[in-house]
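Trainee: what follows is a predicted structure for the sequence shown.
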Amino acid sequence: MQHVDRFGNVQLSVGLSDLGELFESGRRVELARGDDRYYAICAFTFADVASGELVVFEDSEHRLSIAINRGRAAELIDAEPGNEVLLEFAP
């Protein structure tokens with residue numbers, strides 16, 4: 001993980017282009033932060049998920065980011081720069 005922005009979005013060190021066909025809008029992804037697990041949806045905009053739902057999207061720097069529609073993902077997953085966040089994409 002690289003950065004937490006002022007909105008609580010968690011920027012990862014991987015870009016969308018690094019994932020090939022793994023990133024598909026609507027696909028579920030499991031986020032692992034230590035022993036904790038969270039579930040998100042891949043999407044292109046916040047409007048693609050319900051309010052309060054976790055979303056994985058490409059940010060303005062062309063990196064994958066984790067966010068909550070109308071929330072702060074960094075607080076939910078207790079993430080700080082340098083923490084490891086693993087992604088496992090559903091088939």
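Mentor: Structure received.

Trainee: contacts only, for Leu76.
Mentor: Applying C-beta atoms under 8 Å, 6 or more residues apart in numbering, we find Leu76 in contact with Tyr38, Leu54, Ile68. Using the backbone N, CA and C atoms, a C-beta is placed for each residue, glycine as well.

Trainee: can you pull out the helices in this protein?
Mentor: 73-76 (DSSP state H).

Trainee: can you list the contacts of Leu76 in a markdown table and add distance to Leu31?
Mentor: As requested, the contacts of Leu76 are exported to a markdown table (distance: C-beta to C-beta, whole Å):
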| residue | distance to Leu31 |
| --- | --- |
| Tyr38 | 4 |
| Leu54 | 7 |
| Ile68 | 12 |
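
Trainee: who wins on neighbours among those?
Mentor: In terms of neighbours by other C-beta atoms under 10 Å, the contacts of Leu76 top out with Ile68 at 24 neighbours.

Trainee: and Glu21, how many neighbours?
Mentor: Neighbourhood size, Glu21 [other C-beta under 10 Å]: 6.

Trainee: from Cys42, how far out is it?
Mentor: Going from Glu21 to Cys42 by C-beta to C-beta, to the nearest Å gives 11 Å.

Trainee: most centrally placed residue in this protein?
Mentor: Nearest to the geometric centre of the chain sits Ile66, at 2.2 Å (C-alpha atoms, centre = their mean).
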